[in-house]
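Trainee: Build me a model from this:
(2 chains)
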Protein chains: 2
Amino acid sequence: MSGQFLAESLTLTGGDRGVVAVVAVIALAALAVGYVLLKEVLAAGQGTVKMQDIAKAVQEGAAAYLKRQRNTLLIFGTVVFLLLFLLPADSTGERIGRSLFFLVGAVFSFTIGYLGMWLSTQANLRVAAASVEDGGREKATRIAFRTGGVVGMATVGLGLFGAAIVVLVYTGTAPKVLEGFGFGAALIAMFMRVGGGIFTKAADVGADLVGKVEQNIPEDDPRNAATIADNVGDNVGDCAGMAADLFESYAVTLVAALILGSTAFGSLGLLFPLVVPALGVITAILGVYITRVRPGENGLTAINRSFYISALISAVLCTAASFIFLPGSFSELAGLEDVAQKSVAGSPAVIAAVAVIIGIVLAGVILWLTGYYTGTEHKPVQEVGKTSLTGAATVILSGISVGFESAVYTAIVIGAAVYGAFLLSGSVIVALFAIALAGCGLLTTVGVIVAMDTFGPVSDNAQGIAEMSGDVHGEGAQILTELDAVGNTTKAITKGIAIATAVLAATALFGSYSSAIIEALRDVGVKLEDAGSAFTYIVYSPNVLVGIALGAAVVFMFSGLAVNAVTRAAGAIVFEVRRQFREIPGIMEGTGKPEYGRVVDICTRDSLRELATPGLLAVLAPIAVGFGLGVGPLAGYLGGAIATGTLMAVFLANSGGAWDNAKKLVEDGNHGGKGSDAHAATVIGDTVGDPFKDTAGPAINPLIKVMNLVSLLIAPAIVTLSVGVDASTGTRVAIALVAVVLIVAAVVVSKRRGTAIADTPAEAPANA
Amino acid sequence: MSGQFLAESLTLTGGDRGVVAVVAVIALAALAVGYVLLKEVLAAGQGTVKMQDIAKAVQEGAAAYLKRQRNTLLIFGTVVFLLLFLLPADSTGERIGRSLFFLVGAVFSFTIGYLGMWLSTQANLRVAAASVEDGGREKATRIAFRTGGVVGMATVGLGLFGAAIVVLVYTGTAPKVLEGFGFGAALIAMFMRVGGGIFTKAADVGADLVGKVEQNIPEDDPRNAATIADNVGDNVGDCAGMAADLFESYAVTLVAALILGSTAFGSLGLLFPLVVPALGVITAILGVYITRVRPGENGLTAINRSFYISALISAVLCTAASFIFLPGSFSELAGLEDVAQKSVAGSPAVIAAVAVIIGIVLAGVILWLTGYYTGTEHKPVQEVGKTSLTGAATVILSGISVGFESAVYTAIVIGAAVYGAFLLSGSVIVALFAIALAGCGLLTTVGVIVAMDTFGPVSDNAQGIAEMSGDVHGEGAQILTELDAVGNTTKAITKGIAIATAVLAATALFGSYSSAIIEALRDVGVKLEDAGSAFTYIVYSPNVLVGIALGAAVVFMFSGLAVNAVTRAAGAIVFEVRRQFREIPGIMEGTGKPEYGRVVDICTRDSLRELATPGLLAVLAPIAVGFGLGVGPLAGYLGGAIATGTLMAVFLANSGGAWDNAKKLVEDGNHGGKGSDAHAATVIGDTVGDPFKDTAGPAINPLIKVMNLVSLLIAPAIVTLSVGVDASTGTRVAIALVAVVLIVAAVVVSKRRGTAIADTPAEAPANA
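Mentor: Predicted coordinates:
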């Protein structure tokens, strides 16, 4: 086993370097296309002055939040940067490169998030304005989707460009430098996901609790002081958070593929994982340009059509590339001569082609599966809608059932893809590379997926601006409602795809983890077999089993913390909105104006404060387990976190999506329609689902990868402290204890804050 | 590694046999004490004629259900019996013994369940009657706790007697025969848990939805046609199901300890795991007799006191027994001479003593932890109660947070116990035995735990009978309300303890699984190292990781199915109760009498029909994974199922418990009291929690063990079909496919039934 895991020294021929350079150029081309689309979006009409005022308030709030978040992340990022610099490295060049590209990954991740947020605050207004023009449906859909296109192009462009540059500049130490790149991207994305998720849902839940429930005024009503915050939230959560998250998925999957590729196939393995997503960039550009809503057609049909077309083209191009770039027989690859007999597929080219196709097919299946479980036109959501007739309890129970069920099927589908890629080869290391390539296959669809996803919050916000301004009526309002419903489904689909990439990337990284251990053991002169129980990875070994349980537990803990943070922050919003209704005269009559900015400030402050605990948990828990219990239990920990994380992420996303659309069903006039008891029951379901689907659920995706990358980075240090001349149980345990103490302190501090939402009602509501 | 896992041939000396015989006599003594307690309970006064009439209706309903359940289980049991008989065995004696004791385990499990149910239907009435007598509080508490004592004594008596007899009769093949015994017990317990859980919660939810929500009549109102079914449910779910479940926990933990003990310590290991629970029986008898409520004292204080006293005595006795029965040095044990250097503890006696104490301490910690998270006097439930002021959505969210958080801490505590036991020894096999011994330590508290648990439904039902008869007022009613609240907490605690035994037993059994594989490989002449990827257990291997994900997925699926079954069956009840209100004249005025029997019949029919799918899933999923993907992925599967199962079981049990008691808090006059909006919000929380805490959550405990035992039993067959002369990929895959097809068919059939609760509202409610 060990032999297969050790990479030979990596060099690229002149031709290879040429190919990588072409990949970099394609990446830059994607950025250029993004720029063209951007110009097009910004050129669209900006509607009435009232609409522009509202949009401006949202833009300012969102920019203020991201500025403060940047400052918070700067502090945290600097600490991690220094720690990362201190971790063992084979050479100074590797050490500097790893830390440098950690910064690059982090900056790219933040930039994409910022771009996504900034652009969608610009586009919201323009979509709302377009809805009242002639041919409004086509124009509005086009602007919303092109906005997504800009973000999609930036995501794939920056991700691919970064990876290509690392390969070109560092070649031999590229895998190590890429670890830093991926880690920077994933870490920042996780924080943007969690912070933005808390912001958006605290504002949403807080606005609903006072507005809809207590004051009985509609959503997005300008009399509600939390309305602007709610719209800001859509942008910082759904746009900035999701864009950073998808960029991170893209970067980390690519990183995993390059690391494993170089381990399995040597230099060839540094080349091919860049070629596949480069082809994906080309088809994504195509996908964005061919998305046109035919007259009378639903927006989702158009989006789905271009997704499937571009996926098909990707599959064809990637198959061709496999046979062009990879050898037809294992005998041509050093160290893998014996794989040929064990492998089902027999040839590297066939394995790669099939693996990439598995990834593309996986994207399609998840697209369908998520659509089925969260779309209003299918049975699951319709049944959740029906249970609203027997009250909120049955709505909650049926939504939870839908979530559990869809999580199981999604996990089985992803598991089948992993197992399928594994079966292609009899060798663990080639199998891991195949899984990473399946991830690259998935990546070819990311450009279109990001475009689909950004579509959601942009149309949601366009509807908000239209509602608040009061300037959109009749057909325009109808168009925006339709777009919003389409957006709900595309958002749910993106979450499914994101978690699939997380699993594939994490599974592949998991393999790199083992390779890191074996290399580190070799460096201290010990073979894995002789290294004792701390290095045992065998599942039934009780310490590994404890690791699996802890990995599963962290997912539960992280989810609980995220949900708790939302309810706590929402409590503060409820308090503030009630205060404004009480103290500012004439709000309800429309003669007084609420102080929107104060609510935005509270959301900003609370969400940045609340993201610390789950963020620290993600970084510190693997440190505690790894240094405290050893690399064997840490392997179990990663396995448990990946398995439970997949299920929990899909469960949270899909039950939330089902509740959201069940509410939409009732609002469309089913089971009594708006204002009925059934509607009230689905509003409760939707409120429960809000932090599920937009805070806890999607944050699990970067969580899994952050934990995997932390483990990968600390693995050599754990080994050094466990065996050999520098072994020191004292130091090892001390590091673990510091991590545990920091986690406990963070949890205690966040507990101390109390459940604000539980404490606020002491102050009587304005209309009590 | 492999050498350590192979048991030498087992023989007992004359003295050893004497000790086992004494253990059997102690087991019989427990049964005798149970009989004495039974006489005492039955001798108590039976109250008014009206109370007796109601009790009789409940008794008849419960008996009818168990009779039909017995018939269902007979069919299923016969099929499994035949399949079990066909599985490979080393000798005909072993084959017959294994199948025979499968039946014994199954019959014992059913008997304990039946006894628990029958006795509590007798005791309900007597507790209700005692509450109105002089010194009612002490008398009522005493009868309720003594009733628990009978079931507790029967549980430990039958469990210990069965295991002792197997050791005496089969000695050499005892481990294999014990697999059958444990499997029979776990399988029947799982079905009784699931069936009873569906019955009780369908009736409860159905009764509440029509009674409390639609007709606005109180709980246990005789005008509600589902009232008797609700009370029957408490008996078949909380009494029969829980008693069978705890018996199964007892039996399987003992079985795991005996199997691993014989593998690790040879014949000595067959002796010591019997001695520890025998000492537990003695302290349990003591515990039941010393439980006396001091004047003015809360029942829970008295119960906790006797728990802690008997736990302390157990710890002292077991420590003494370790030094009497086990050698002071590893050099005296064949094959383990080298463990001494690696072991922290150094001596078998010390390891055993510390392990048993770890188990006892674990029981105490979980007792405290569960009490903290679900008791009305602590912060978590009080915060859930407070959130009722902002509506049902925040109640649900805060309850879910409490559930997640408590699951994490419980998993960490259990993990620490496992890791502590593991650390005692440097050898995996001795570590596994130590974990099993920690399980035995936990077992010493089971007598008292069962008594505590049965207390819950008995007082719940006593209150129901009192309410329905209208014959209990003033202090009597107050006493019963207090007892009911104590019962809620003891029920939650028992669930915590049950899941802890499940984890310890499953972790230990997991070790036996490996030993079975190695033995089977040796039989076909292959070493584990040479056997290829199907036999790899390494965590990061992609196929094992897929196994972990599938194991976690099965827990989600099982939970979803159980929750779904309840909402579906509850829908049928809603339908029937509404029909009766509409068609039977004068129900609301009290001049017409509802047909209670029809609702009981529907519950019986539906819960027996609904238990098939989750039951089949538990048995067939490991078969599909094992035969389909191999023993390596099956190992991962078990690891994933244990880890996620622990978290999910505690999450479901504790969030349900917290909602239940948050409702009680509001009903006690907090936050607006009964009838307020806050109360309505907590009723929704409680209804969501019902299937969580009484159907899905507790059923995960036997689920984990059934899956482990199935895996253990099929492991040799998988090996035989995978390598060696009898290898046949075709047969192997065919078996897996049959299992998959059966699972899919079961799921499709249960889907076809539709979500009855969603379909019923089509018929307008009576008061609409």
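
Trainee: count of residues packed around the closest residue to chain B within the stretch 351-500 of chain A?
Mentor: With C-beta to the nearest C-beta as the measure, residue A:404 is the residue of the stretch 351-500 of chain A nearest to chain B, at 3.1 Å. Glycine gets a C-beta too; all of them are placed from N, C-alpha and C. For residue A:404, the count of nearby residues is 27 (other C-beta atoms under 10 Å in any protein chain shown).

Trainee: Can you tell me the closest non-neighbouring residue to it?
Mentor: In this structure, residue A:404 finds its nearest non-sequential neighbour in residue B:560, 3.1 Å apart by C-beta to C-beta, 6 or more residues apart in numbering or on different chains.

Trainee: My guess is that neighbour contacts residue A:409. True?
Mentor: No - the criterion here is C-beta atoms under 8 Å, and residue B:560 misses it with residue A:409 at 10.6 Å.

Trainee: Low-confidence ranges, chain A, go.
Mentor: In the predicted model, chain A carries pLDDT under 70 at residues A:1-9, A:296, A:332-346, A:426, A:528-536, A:754-768.

Trainee: longest helix in it, by residue count?
Mentor: Ranked by residue count under DSSP state H, the longest helix found in chain A is helix A:474-523.

Trainee: what ranges do the helices span in the stretch 51-200 of chain A?
Mentor: Along the stretch 51-200 of chain A, the segments classed as helices by DSSP state H, counting those that start in this stretch run A:92-131, A:136-170, A:174-208.

Trainee: Of all these, which one is nearest chain B?
Mentor: Chain B lies closest, by C-beta to the nearest C-beta, to one member of the helices of the stretch 51-200 of chain A: helix A:174-208, at 7.6 Å.

Trainee: Now residue A:672: closest residue in space that isn't a chain neighbour?
Mentor: Of all residues not flanking residue A:672 in the chain, residue A:678 sits nearest, at 4.4 Å (C-beta to C-beta, 6+ apart).

Trainee: give the contact list for the closest residue to residue A:58 other than its chain neighbours.
Mentor: Computed as C-beta to C-beta, 6+ apart, the closest residue to residue A:58 that is not its neighbour in sequence is residue A:231, at 4.7 Å. Each residue near residue A:231 by C-beta atoms under 8 Å, 6 or more residues apart in numbering or on different chains is listed here: A:54, A:58, A:61, A:124, A:220, A:461, A:464-465.

Trainee: still on that earlier bit, where does the residue of the stretch 351-500 of chain A closest to chain B sit, in terms of helix or strand?
Mentor: Assignment of secondary structure by DSSP states H and E places residue A:404 within helix A:392-423.

Trainee: tell me the SS of the residue nearest the centre of chain A?
Mentor: Centroid-nearest residue in chain A, with C-alpha atoms, centre = their mean: residue A:245, separated by 3.5 Å. For residue A:245, the assignment made with DSSP: H, G, I helix; E, B strand; the rest coil gives helix.

Trainee: can I assume it is in contact with residue A:193?
Mentor: Yes - assessed by C-beta under 8 Å, residue A:245 is found in contact with residue A:193 at 5.1 Å.

Trainee: which residues are in contact with both of those two?
Mentor: By C-beta under 8 Å, 6+ apart, the residues touching both residue A:245 and residue A:193 are A:698, A:701-702.

Trainee: May I ask which of these has the most neighbours?
Mentor: With neighbours defined as other C-beta under 10 Å, the most crowded of the shared contacts of residue A:245 and residue A:193 is residue A:701; it has 32 neighbours.

Trainee: Name all residues that make contact with the closest residue to that residue other than its chain neighbours.
Mentor: Excluding its sequence neighbours, the residue lying closest to residue A:701 (C-beta to C-beta, 6+ apart) is residue A:502, at 4.4 Å. Contacts for residue A:502 (C-beta under 8 Å, 6+ apart) come out as A:249, A:645-646, A:649, A:700-702, A:704-705.

Trainee: can you tell me how far residue A:502 sits from residue A:352?
Mentor: Using C-beta to C-beta, to the nearest Å, we find residue A:502 at a distance of 22 Å from residue A:352.

Trainee: for residue A:185, same thing?
Mentor: Distance, residue A:185 to residue A:352, using C-beta to C-beta: 25 Å.

Trainee: When those two are compared, which one has more neighbours?
Mentor: Set residue A:185 next to residue A:352 and count neighbours by other C-beta under 10 Å: residue A:185 wins out with 37 against 33.

Trainee: Make sure the more buried one is actually in contact with residue A:247.
Mentor: Yes - using C-beta under 8 Å, residue A:185 makes contact with residue A:247 at a distance of 6.3 Å.

Trainee: residues bridging contact with the two, i.e. touching both?
Mentor: Counting by C-beta under 8 Å, 6+ apart, the shared contacts of residue A:185 and residue A:247 are A:108-109, A:159.

Trainee: of all these, which comes closest to residue B:43?
Mentor: Of all the shared contacts of residue A:185 and residue A:247, residue B:43 sits closest to residue A:109, with 74.5 Å by C-beta to C-beta.

Trainee: Quick check, the closest one in contact with residue A:243.
Mentor: No - the pair residue A:109 / residue A:243 is not scored as a contact, 9.0 Å apart, by C-beta under 8 Å.

Trainee: ok so, going back, neighbours around the residue nearest to residue A:404, how many?
Mentor: By the criterion of other C-beta under 10 Å, residue B:560 has 22 neighbours.

Trainee: likewise residue A:729?
Mentor: By the criterion of other C-beta under 10 Å, residue A:729 has 9 neighbours.

Trainee: Tell me how far it lies from chain B.
Mentor: 13 Å (C-beta to the nearest C-beta, to the nearest Å).

Trainee: show me what contacts that residue?
Mentor: Contacts of residue A:729 (C-beta under 8 Å, 6+ apart): residue A:721.

Trainee: Next, the angle helix A:474-523 makes with the helix holding residue A:404.
Mentor: Relative orientation of helix A:392-423 versus helix A:474-523 (axes from the mean of the first three to the mean of the last three C-alpha atoms, to 10 degrees): 50 degrees.

Trainee: Just after helix A:392-423, pick out the following helix or strand.
Mentor: Counting by DSSP H and E, what follows helix A:392-423 is helix A:428-443.

Trainee: wait, does that following helix contact chain B?
Mentor: Yes - Helix A:428-443 lies within reach of chain B by C-beta under 8 Å from any C-beta of the partner chain, at A:428, A:431-432, A:435.

Trainee: what's the following helix or strand after that helix?
Mentor: Downstream of helix A:428-443, the first helix or strand assigned by DSSP H and E is helix A:446-469.

Trainee: orientation of that next one relative to helix A:92-131 in degrees?
Mentor: Using the same axes, to 10 degrees: helix A:446-469 against helix A:92-131 is 40 degrees.

Trainee: Could you list the buried residues of helix A:446-469?
Mentor: For helix A:446-469, the neighbour count (16 or more other C-beta atoms under 10 Å in any protein chain shown) marks A:446-469 as buried.

Trainee: same question, stretch A:403-420
Mentor: Residues of stretch A:403-420 classed as buried: A:403-415, A:417-420 (neighbour count, 16+ other C-beta under 10 Å).

Trainee: same deal with stretch A:310-330?
Mentor: A:310-311, A:313-315, A:317-319, A:321-322, A:325-326, A:330.

Trainee: mind exporting whichever helix or strand the residue nearest to residue A:58 is part of as PDB, just the C-alpha atoms?
Mentor: If you go by DSSP H and E, residue A:231 is part of helix A:227-233. C-alpha atoms of helix A:227-233 as PDB (Å, rounded to 0.1, in the frame of the first residue of the first chain):
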ATOM      1  CA  THR A 227     -37.400  44.900   5.600                       C
ATOM      2  CA  ILE A 228     -34.200  46.500   4.400                       C
ATOM      3  CA  ALA A 229     -32.200  44.200   6.600                       C
ATOM      4  CA  ASP A 230     -34.100  41.300   5.200                       C
ATOM      5  CA  ASN A 231     -33.200  42.300   1.700                       C
ATOM      6  CA  VAL A 232     -29.600  43.000   2.600                       C
ATOM      7  CA  GLY A 233     -29.600  39.500   4.100                       C
END
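
Trainee: chain center to it: distance?
Mentor: Offset of helix A:227-233 from its chain centre (C-alpha atoms, centre = their mean, to the nearest Å): 21 Å.
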